[in-house]
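[1] coords below, sequence missing:
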């Protein structure tokens, strides 16, 4: 089954986790885009959404879904729905391929429930096949890269259109390949402690509560 069909299936399945008359958190990326499009069909059931990127906010508004700043929300978000670049059997994830890892992590931390939507290619035994994104202050990317190399990775500054990529926050991203992440909690803490790191795209301390995994035979629901 084509990957887009699997993404569409889990996006529609995620609607069952959207409570009525609430504000929800919405992630960034191709699978999240399928969810936003599906959410547009029942936009009148919710108050609105908090977006994890400028691109997500624009797509939500294109469906006439109100977009809120997280600072405007006094209560915890009922649910955060987003994809993943990789997810383990324990619910830890690598995220940030789309460059929105910091805002994604903030919104996930503000939500009561994190529902990950992904196709079955994203489920891995050990995290690290997908390069681990690390958002960094631009002036520090060289020194941070040296520290990341000491942790066993091969950091590469993300380049787009022949220039250093910039996140919605104005920061750079180092993509770290060559890792076998046996202890994601430990590595998340180690990288976050490096001066100049904004955040790492390891979601272990705040991993998924549920993963809706699209497979050719249907949707598997994983609970962590």
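    Cool, the structure landed. No experiment lies behind these values; they were computed from the predicted model shown.

[2] how does the protein divide into domains?
    The record's domain split for the chain, according to automatic domain parsing, is 3-124+205-223, 132-200.

[3] Buried deepest among the ones you listed, which one?
    Ranked by mean neighbour count under mean count of other C-beta atoms under 10 Å, those are led by domain 3-124+205-223, which reaches a mean of 19. C-beta here means a position set from N, CA and C on the backbone, and glycine is covered the same way.

[4] So for it, mean pLDDT?
    Per-residue confidence for domain 3-124+205-223 averages out to 97 on the pLDDT scale.

[5] Would you map the helices across this protein?
    With DSSP state H as the definition, the chain shows helices at residue ranges 3-13, 30-39, 54-62, 101-109, 141-150, 184-192.

[6] JSON lines for the ones you listed, including distance to residue 175?
    JSON lines is the format used below for the helices of the chain (distance: least, C-beta to C-beta, whole Å):
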{"stretch": "helix 3-13", "distance to residue 175": "21"}
{"stretch": "helix 30-39", "distance to residue 175": "18"}
{"stretch": "helix 54-62", "distance to residue 175": "19"}
{"stretch": "helix 101-109", "distance to residue 175": "11"}
{"stretch": "helix 141-150", "distance to residue 175": "10"}
{"stretch": "helix 184-192", "distance to residue 175": "13"}
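
[7] Out of those helices, which is closest to residue 133?
    Nearest to residue 133, of all the helices of the chain, is helix 101-109, at 5.5 Å by C-beta to C-beta.

[8] Quick one: residues contacting residue 223.
    Listed by C-beta atoms under 8 Å, 6 or more residues apart in numbering, the contact partners of residue 223 are 209, 210.

[9] Any figure for the gap between it and residue 64?
    33 Å (C-beta to C-beta, to the nearest Å).

[10] try residue 17
    Computed with C-beta to C-beta, the distance linking residue 17 and residue 64 is 21 Å.

[11] got it, and residue 205?
    Taken as C-beta to C-beta, the span from residue 205 to residue 64 is 35 Å.

[12] go on, residue 206?
    Counting by C-beta to C-beta, the separation of residue 206 from residue 64 is 30 Å.

[13] one step back: of all the helices of the chain, which one is nearest residue 212?
    Each of the helices of the chain has some distance to residue 212 by C-beta to C-beta; the shortest is helix 3-13, at 4.5 Å.

[14] Run the chain-centre distance for that closest one.
    Mean C-alpha position of helix 3-13 versus that of the full chain (C-alpha atoms, centre = their mean, to the nearest Å) differs by 17 Å.

[15] re the thing from before, can you tell which of the helices of the chain is closest to residue 91?
    Once C-beta to C-beta is applied to the helices of the chain, the stretch that comes out nearest is helix 184-192, at 10.0 Å.

[16] so what secondary structure elements neighbour that closest one?
    Where contact means 3 or more C-beta pairs under 8 Å, 6 or more residues apart in numbering; DSSP states H and E, helix 184-192 is packed against strand 197-200, strand 202-203.

[17] what sits up against that helix?
    Helix 184-192 is contacted by residues 88, 92, 127, 134, 148, 151, 179, 181, 197, 199-200, 202-205 when judged by C-beta under 8 Å, 6+ apart.

[18] can you rerun that using 7 Å?
    Residues from elsewhere that reach helix 184-192 (C-beta atoms under 7 Å, 6 or more residues apart in numbering): 92, 127, 134, 151, 181, 197, 199, 200, 202, 204, 205.
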